[in-house]
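Colleague: how does the following fold in three dimensions:
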Amino acid sequence: MAISELACIYSALILHEDEVTVTEDKINALIKAAGVNVEPFWPRLFAKALSNANIASLICNVGVGGPAPAAGGAAPAGGAAPASTVAPAEEKKKGEGKREESEESDDDMGFGLFD
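Modeller: Predicted structure coming up:
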């Protein structure tokens, strides 16, 4: 991260901790007191972005991703599912001879089920 961004983030966190409204002027005052040179658009950008945000909830939800994927995952985009995702019922239909051939071909390529 750039120093300018970090200075604005830390300033916003300090203001929030002191229960002071985050504004461009207050961010600039803290940055000036710290002796950091910041491009002039960063404090305005952060103040505007945080004006209607609940900073406490942002802090508590850092690193929280979106909804969990469905069980089993989705098929890869742009193609059919790989052979390893074949249902067990389909494998039984193929017969034992076919299964041994596919296992051998996987081993020949340098990867297998337990590698």
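Colleague: from residue 42, how far out is residue 56?
Modeller: Applying C-beta to C-beta, to the nearest Å, the value for residue 56 to residue 42 is 22 Å. C-betas here are computed from N, CA, C, even on glycine.
Colleague: can you list the low-confidence ranges for this protein?
Modeller: Counting by pLDDT under 70, the chain shows low-confidence ranges at 1, 64-115.
Colleague: re the thing from before, compare residue 56 and residue 42 and say which is more crowded by neighbours.
Modeller: For residue 56 versus residue 42, neighbours defined as other C-beta atoms under 10 Å are more numerous around residue 42 (22 against 9).
Colleague: hmm, the more buried one is touching residue 9, no?
Modeller: No: applying C-beta atoms under 8 Å as the test, residue 42 and residue 9 come out as separate, 9.7 Å apart.
Colleague: can you name the residues that contact the closest residue to residue 20 other than its chain neighbours?
Modeller: Spatial nearest neighbour of residue 20, excluding adjacent residues (C-beta to C-beta, 6 or more residues apart in numbering): residue 26 at 6.3 Å. Applying C-beta atoms under 8 Å, 6 or more residues apart in numbering to residue 26 gives the contacts 11, 15, 20.
Colleague: in strands, which of the residues you listed fall?
Modeller: Among these, no member is found in strands (DSSP state E).
Colleague: can I get those in TSV with distance to residue 38 and neighbour count?
Modeller: Converted to TSV, the contacts of residue 26 look like this (distance: C-beta to C-beta, whole Å; neighbours: other C-beta atoms under 10 Å):
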residue	distance to residue 38	neighbour count
11	9	25
15	15	20
20	19	11
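Colleague: could I get the residues you listed as a markdown table with distance to residue 30?
Modeller: Supplementary listing: those in a markdown table, determined by distance: C-beta to C-beta, whole Å:
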| residue | distance to residue 30 |
| --- | --- |
| 11 | 4 |
| 15 | 7 |
| 20 | 10 |
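Colleague: mark which of these are part of helices, please.
Modeller: Using DSSP state H, 11, 15 are the members of the contacts of residue 26 that sit in helices.
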